[in-house]
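Chemist: heads up, no residue letters with this:
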């Protein structure tokens, strides 16, 4: 390759990529390095089911591989899958959904990118709870949208309130709010009335209401509510990765108001062409696997009970009860003021991998950690035993 001209600077790297890493993936790499070196690892860091897709999904994929050309699908997804997703809303929430409002995406990550591009202009101010899923913040920042953190705490179940939004709006109009119920990293949920309060605030302030519903189906008591029954303009985002245990298939969906559909379709055509055809064909079968999937949730519930019982014995006592998802977000400020160093030491000395809170809250996360209890029951029980011995 010929040398670059002398005295000519190389082309610059765009600032859009100057966003923080997704730290949990760094923790996963460190855990994998330990395993490759011969050490044992108990994975409580990554937020994915400890099981693969149900058998009927695998069979549907085999049939599609044998019988289908697997070419491009419609940019918004297979009409058969969109119709089946709409049917799911009737079965689960009693909500009559026009299937044409359903957009199938390349994971919920693809849905967030498309929704944010269609709904927000560069420079808009969008509010979200802190702690919260870091990709919200980082995608918005990469798109030039101003992130407005709402510092929430255990007193409100780590969920935002209209008062939080009023305070945030005092610094400039908000163009949107992102909520998650159940939430990552806390596992907390919004009741129907609290969700409605937030939806009404957005409706009264010309702000988009974006509801992350990817942990729906994974709850321990009261089922989760969809924002679609409360706000006709809500953007509801879901995924096949969590309840449906299809993480690596990279398939999600969202439900949009009519006025966003054409914009999202044009964006999807140009950015993604279409979601994975094989994953779409396979996902058609997963809605008939509730018995298997609910058995996974029952296992998460047993793991949750183990951590709720054993972590206080290790001196980890301060957390909001996780009523959904498969996470527990704990205040470990009495043990450390550096959650990253604490997690590194825990992995090195016990083989238990967890995620530092700094991934979810850049300001206060130095005193928090997240436990994922989606893994095998034996692993969760052994991790708890080791932590009690290490800290208790």
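Modeler: All right, it came through fine. Worth saying up front: this structure is predicted, and the values here are computed from it rather than measured. Numbering: from 1, shown residues only.
Chemist: Pretty sure residue 98 sits against residue 87.
Modeler: No - contact between residue 98 and residue 87 fails when scored by C-beta atoms under 8 Å: they sit 11.6 Å apart. C-beta here means a position set from N, CA and C on the backbone, and glycine is covered the same way.
Chemist: between the two, who's got more neighbours?
Modeler: The residue with more neighbours, out of residue 98 and residue 87, is residue 87; 13 against 10, by other C-beta atoms under 10 Å.
Chemist: And the more buried one, how close does it get to residue 275?
Modeler: 19 Å (C-beta to C-beta, to the nearest Å).
Chemist: Residue 119 now?
Modeler: Applying C-beta to C-beta to residue 119 and residue 275 gives a distance of 20 Å.
Chemist: Have a look at those two and say which one is more surrounded.
Modeler: Residue environment comparison for residue 119 versus residue 275 gives the larger neighbour count to residue 275, 28 against 22, counting by other C-beta under 10 Å.
Chemist: where in the stretch 251-392 of the chain is pLDDT low?
Modeler: Per-residue confidence of the stretch 251-392 of the chain (counting by pLDDT under 70) places no residue in a weak region.
Chemist: Actually, the stretch 1-150 of the chain.
Modeler: Across the stretch 1-150 of the chain, the ranges flagged by pLDDT under 70 are 1-5.
Chemist: repeat that with 80
Modeler: Per-residue confidence for the stretch 1-150 of the chain (pLDDT under 80) gives these ranges: 1-7, 18-28.
Chemist: neighbours of residue 369, just the number please.
Modeler: Tallying neighbours of residue 369 according to other C-beta under 10 Å, which is how burial is gauged here, yields 29.
Chemist: hang on, it packs against residue 339?
Modeler: Yes - with contact defined as C-beta under 8 Å, residue 369 reaches residue 339; the gap is 5.4 Å.
Chemist: anything in contact with each of those two?
Modeler: Common contact partners of residue 369 and residue 339 (C-beta atoms under 8 Å, 6 or more residues apart in numbering): 332, 356-357.
Chemist: Can you tell me which of these lies closest to residue 185?
Modeler: Within the shared contacts of residue 369 and residue 339, the smallest distance to residue 185 is 7.3 Å, found for residue 357 (C-beta to C-beta).
Chemist: For that closest one, which residues are in contact?
Modeler: The contact partners of residue 357, by C-beta under 8 Å, 6+ apart, come to 131, 185, 329, 339, 364-370.
Chemist: ok, now residue 86?
Modeler: Each residue near residue 86 by C-beta under 8 Å, 6+ apart is listed here: 97-99, 101-102.
Chemist: what's the nearest residue to it if we skip its chain neighbours?
Modeler: Beyond its immediate neighbours in the sequence, the residue positioned closest to residue 86 (C-beta to C-beta, 6 or more residues apart in numbering) is residue 99, lying 3.7 Å away.
Chemist: do residue 303 as well
Modeler: Once its chain neighbours are removed from consideration, residue 303 has its nearest residue in residue 373; the separation is 3.8 Å (C-beta to C-beta, 6+ apart).
Chemist: what about the helices in the stretch 51-200 of the chain?
Modeler: Taking DSSP state H, counting those that start in this stretch to define them, one finds helices in the stretch 51-200 of the chain at 55-67, 79-93, 107-119, 134-142, 162-169, 192-204.
Chemist: Provide the contact partners of the third one at residue level.
Modeler: Residues outside helix 107-119 that contact it (C-beta under 8 Å, 6+ apart) are 103, 105, 126, 135-136, 139-140, 143, 145, 175-176, 208, 210, 212, 214, 235, 237-239, 241, 250-254, 256, 260, 263-264, 267-268, 271-272, 275.
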